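Chemist: Sequence first, then the predicted structure, then my questions.
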Protein chains: 2
Amino acid sequence: MKYCNQCGAPVSLKIPADDNRHRHVCDSCELIHYQNPKIIAGCIPVWENKVLLCRRAIEPRHGYWTLPAGFMEMGETTSEAAVRETLEEANARVEIDGLYALINLPHVNQVYMMFRSQLLDLDFLPGQESLEVALYAEDDIPWEELAFTTIRHSLKFYFEDQKRNNFQLRIGDIVKTEDAYEFVISP
Amino acid sequence: MKYCNQCGAPVSLKIPADDNRHRHVCDSCELIHYQNPKIIAGCIPVWENKVLLCRRAIEPRHGYWTLPAGFMEMGETTSEAAVRETLEEANARVEIDGLYALINLPHVNQVYMMFRSQLLDLDFLPGQESLEVALYAEDDIPWEELAFTTIRHSLKFYFEDQKRNNFQLRIGDIVKTEDAYEFVISP
């Protein structure tokens, strides 16, 4: 951030009075420009024992597989965002069962919220951001070609819980270790 | 938003290619400035059968009572944000028990995440944003002087569940009706 989006003057990084963090503050109108983490909402769309995945037509991770998910928009609830993303990326209609995974990614300032959901029909097809869309049973999931750590963990948890038919909300953080990203349970 | 925060040129509201919503787009460098909902994280800090409340020293709702909560910052997890806000607003140290209320406020583009927590000691005192800080049992809660609908519902649910010693995560939306804001359960 280099300029104030309200008056167009340059901004400087400084700690405002009564604050303890550096913020972008306008040199002219003194407006403080806060930056905050974003929510990514998505679905685990289920049909019988299979889950719907999308192969990404966009960066990052072009060509890799993901669950339908994306940035929550203004005016939405989190589950509305998850339903909308599933419609946009896979032209798929779902009914939400409930929140299933809430995953913090503090190193990229994101919070994932993934919802279990039932596919309402099989008339899905790739949206603009997808190369292909397909249903996968656990044994056929392209585990080595998944786009994001959050997606891998959401799917791993889902199939674990599916076996015992007992789904529990998973809350945790993706923590960067020396050579990997690990899921650590958090409150 | 009137100016591009990267190049300082004016922005216009338009629907970018491959998008379906109006965004602020720079007239010069064409950067798209997305806006997204924010997370407010906070605690229900408990000591025996009492909950710690803060009387607000800032607008909005100056002078009204609230649970310690505030905007999640970059680089944090949601529970870290809740712990930090409790320290900042009440100088209170807590141990988090778990996520307790997840409340969408689509009309103000916020998502509240309130955590049950145990106060670790009684050495709390008002932070910069609080006029006073105090422990309240259910019967003494200043119900008519609470700052926000989210706080009222979080407390109401907490005391309901406390009676039966069975706490369940509450997920819902605050929906504006003709003359009130109601809590509607959502997935």
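Modeler: Arrived safely. Residues are numbered from 1 along each chain as shown, chains lettered A, B, ... in the order given.

Chemist: remind me, longest strand of chain A?
Modeler: In chain A, assigned by DSSP state E, the strand with the most residues is strand A:94-105.

Chemist: Quickly check: the helix or strand just after that strand near chain B or not.
Modeler: The C-terminal neighbour of strand A:94-105 among helices and strands, as given by DSSP states H and E, is strand A:110-119. Yes - for strand A:110-119, a contact with chain B is found by C-beta under 8 Å from any C-beta of the partner chain, at A:111, A:115. No exception for glycine: its C-beta is placed from N, CA and C like everyone else's.

Chemist: Beta-bridge partners for residue A:146, please?
Modeler: Beta-bridge partners of residue A:146, counted by DSSP bridges, are residue A:65.

Chemist: so what's the most centrally placed residue in chain A bridging to?
Modeler: With distances taken as C-alpha atoms, centre = their mean, the residue of chain A nearest its centroid is residue A:40 (3.4 Å). Under DSSP bridges, the beta-bridge partners of residue A:40 are residue A:71, residue A:112.

Chemist: Over to residue A:56?
Modeler: residue A:130.

Chemist: count of residues packed around it?
Modeler: Residues near residue A:56, counting by other C-beta atoms under 10 Å in any protein chain shown, number 19.

Chemist: Show me where chain A has its strands.
Modeler: Going by DSSP E, chain A shows strands at A:11-14, A:23-26, A:32-33, A:38-47, A:50-56, A:65-66, A:69-71, A:94-105, A:110-119, A:130-136, A:170-176, A:181-185.

Chemist: Turn these into TSV, including mean pLDDT.
Modeler: Formatted as TSV, the strands of chain A follow (pLDDT from 0 to 100):
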stretch	mean pLDDT
strand A:11-14	97
strand A:23-26	97
strand A:32-33	97
strand A:38-47	98
strand A:50-56	98
strand A:65-66	98
strand A:69-71	98
strand A:94-105	98
strand A:110-119	98
strand A:130-136	98
strand A:170-176	95
strand A:181-185	93
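
Chemist: what's the closest of the ones you listed to residue A:158?
Modeler: Of all these, strand A:38-47 sits nearest to residue A:158, with 5.4 Å by C-beta to C-beta.

Chemist: which ones are touching the most far-flung residue of chain A relative to its centre?
Modeler: Going by C-alpha atoms, centre = their mean, the residue of chain A most distant from its centre is residue A:28, 36.7 Å out. Applying C-beta atoms under 8 Å, 6 or more residues apart in numbering or on different chains to residue A:28 gives the contacts A:4, A:7, A:9, A:10.

Chemist: cutoff 6 Å now
Modeler: A:7, A:9 (C-beta atoms under 6 Å, 6 or more residues apart in numbering or on different chains).

Chemist: try residue A:102
Modeler: By C-beta under 6 Å, 6+ apart, the contact set of residue A:102 is A:113, A:171.

Chemist: If we use 7 Å, what do you get?
Modeler: A:113, A:169, A:171 (C-beta atoms under 7 Å, 6 or more residues apart in numbering or on different chains).

Chemist: Turn the strands of chain A into CSV, including distance to residue A:88.
Modeler: Shown next, in CSV, are those (distance: least, C-beta to C-beta, whole Å):
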stretch, distance to residue A:88
strand A:11-14, 34
strand A:23-26, 31
strand A:32-33, 29
strand A:38-47, 11
strand A:50-56, 10
strand A:65-66, 13
strand A:69-71, 7
strand A:94-105, 12
strand A:110-119, 14
strand A:130-136, 9
strand A:170-176, 24
strand A:181-185, 26
